[in-house]
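[1] What follows is a protein structure lacking sequence information:
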């Protein structure tokens, strides 16, 4: 299948995810009653008592079957894709811009949703580097990437140093918040009973990793819950020299975005410009990211940085 035809097919399938994401609870119920009752029943009735996640499989809109943890991944289980508007727009952007043979780096890959989507787009001639430091989430990433040779999985955190660092790991329902710094979450109503644990993780940095005979990434996606500035600082030589496209989740000021702001400032010093992704998956130049978030009432968005 020609790449252009395949991309049109992926965009068509993603439209189905977007439709389900935007419909009512009743709409999702009638779309697949058994699946909806199972997922919502587990989240509302079983998990609050047992505190145990449930591992299930679900075919994604791009064709890969994913091992998912419920209740954390209810959106993928019910729709076949990540359903937050920023993630839908990011998926469109990747489908339109990531091409066969390219290299994609997923820093904070979680269970591998975007790593696997990228693997479909770069094909057998491309490479995906997926980083996820924590045990349970990393194991799901391994399972999801097992039959995809172009994905290389690393149980490491990308930082500005190489070695061992203290890290905070949440239970599966809050695993997307795993990070080096939990102060940003202490005011959240769920934090006190979250069961966060302190662990030690291996770290690498972009400059050292790429020196080890690795292919140079064309796109780097960063979703690391408050250490974005450390990731960028640890890749200063590579980023300034080769200028890969960077996709970084950026939080609103209410969600304590100091690390994101410092990361954006470094990139600005290195002649990167910021772009938002519109609903078509295309880029719009952004002069003030915080103003963009405030104007649209967003608590987070994926921002693309491109070197001028």
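    Right, received. Where do you want to start? Source: prediction; values computed, not measured. Numbers count the residues shown, from 1 in each chain.
[2] Just give the number of residues close to residue 32.
    Using other CB atoms under 10 Å, residue 32 has 15 neighbouring residues. For the C-beta atoms, the positions are set from N, CA and C on the backbone; glycine is no exception.
[3] Can I take it that residue 56 is in a strand?
    Yes. Using DSSP: H, G, I helix; E, B strand; the rest coil, the assignment for residue 56 is a strand.
[4] On the three-state scheme, the spatially closest residue to it that is not a sequence neighbour is what?
    Excluding the flanking residues, the one nearest residue 56 by CB to CB, 6 or more residues apart in numbering is residue 68, at 5.4 Å. Following three-state DSSP, residue 68 is assigned to strand.
[5] quick one, what contacts residue 68?
    Residue 68 makes contact with 55-58, 76-77, 111, 140 under the criterion CB atoms under 8 Å, 6 or more residues apart in numbering.
[6] Can I get the buried part of these as one PyMOL selection?
    In PyMOL, the members of these classed as buried (16 or more other CB atoms under 10 Å) are selected with the following command:
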select buried, resi 56+58+76+77+111+140
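[7] is residue 54 in a bridge, and if so with what?
    residue 70 (DSSP bridges).
[8] So which residues of the protein form strands?
    Taking DSSP state E as the test, the strands found in the chain are 54-59, 65-70, 103-107, 127-131, 151-154, 157-158, 163-169, 197-204, 219-222, 245-251, 272-277, 283-285, 300-307.
[9] show me where pLDDT drops low in the protein?
    Within the chain, the segments meeting pLDDT under 70 span 1.
[10] Got the domain ranges for it?
    Listed domain ranges for the chain are 1-82, 84-307 (source: automatic domain parsing).
[11] ranking these by burial, who's on top?
    Ranked by average neighbour count under the criterion mean count of other CB atoms under 10 Å, these are headed by domain 84-307 at a mean of 19.
[12] quick one: that one to chain centroid distance?
    Going by CA atoms, centre = their mean, to the nearest Å, the spacing between the C-alpha centre of domain 84-307 and its chain's C-alpha centre is 6 Å.
[13] who's in contact with residue 17?
    With contacts defined as CB under 8 Å, 6+ apart, residue 17 is in contact with 61, 79-81, 83, 88.
[14] Then residue 181?
    By CB under 8 Å, 6+ apart, residue 181 lies in contact with 168, 225-227, 259.
[15] With residue 271 instead?
    With contacts defined as CB under 8 Å, 6+ apart, the neighbours of residue 271 are 307-308.
[16] Next: residue 129.
    Taking CB under 8 Å, 6+ apart as the criterion, residue 129 is in contact with 103-106, 152, 154, 209, 214, 217.
[17] one more time with 10 Å
    Counting by CB atoms under 10 Å, 6 or more residues apart in numbering, residue 129 touches 103-107, 109, 115, 118, 151-154, 158, 209-210, 214-215, 217, 220.
[18] repeat for residue 140
    Residue 140 sits in contact with 55, 66-69, 72-73, 110-112, 132, 172, 175, where contact means CB under 10 Å, 6+ apart.
[19] Nearest to residue 123 among these?
    residue 112 (16.8 Å; CB to CB).
[20] Let me see the contact set for that closest one.
    Remark: with contacts taken as CB under 10 Å, 6+ apart, residue 112 is in contact with 64, 66-67, 106, 118-119, 128, 130, 132, 137-138, 140-145, 148, 151, 153.
[21] Repeat that for residue 243.
    Residues touching residue 243, when contacts are defined by CB under 10 Å, 6+ apart, comprise 218, 270-272, 305-308.
[22] what's the distance between it and residue 273?
    Shown here: residue 243 relative to residue 273, a distance of 11 Å by CB to CB, to the nearest Å.
[23] Residue 127 now?
    From residue 127 across to residue 273, the span is 26 Å (CB to CB).
[24] can you check residue 103 too?
    Counting by CB to CB, the gap between residue 103 and residue 273 amounts to 22 Å.
[25] Kindly report the same for residue 116.
    According to CB to CB, residue 116 stands 29 Å off from residue 273.
[26] Residue 284 now?
    As judged by CB to CB, residue 284 and residue 273 stand 11 Å apart.
[27] Surely residue 38 and residue 70 touch.
    Yes. In this structure, residue 38 is within contact of residue 70 by CB atoms under 10 Å, at 8.5 Å.
[28] Show me the common contact partners of those two, please.
    With contacts defined as CB under 10 Å, 6+ apart, the residues shared by residue 38 and residue 70 are 46, 54, 56, 77.
[29] Closest to residue 301 out of the residues you listed?
    Among those, and counting by CB to CB, the member closest to residue 301 is residue 77, at 24.0 Å.
[30] Next up, the contacts around the closest one.
    Applying CB under 10 Å, 6+ apart, one finds that residue 77 lies in contact with 32, 35-36, 38-39, 42, 54, 56-58, 66, 68-71.
[31] Thanks a lot, catch you later.
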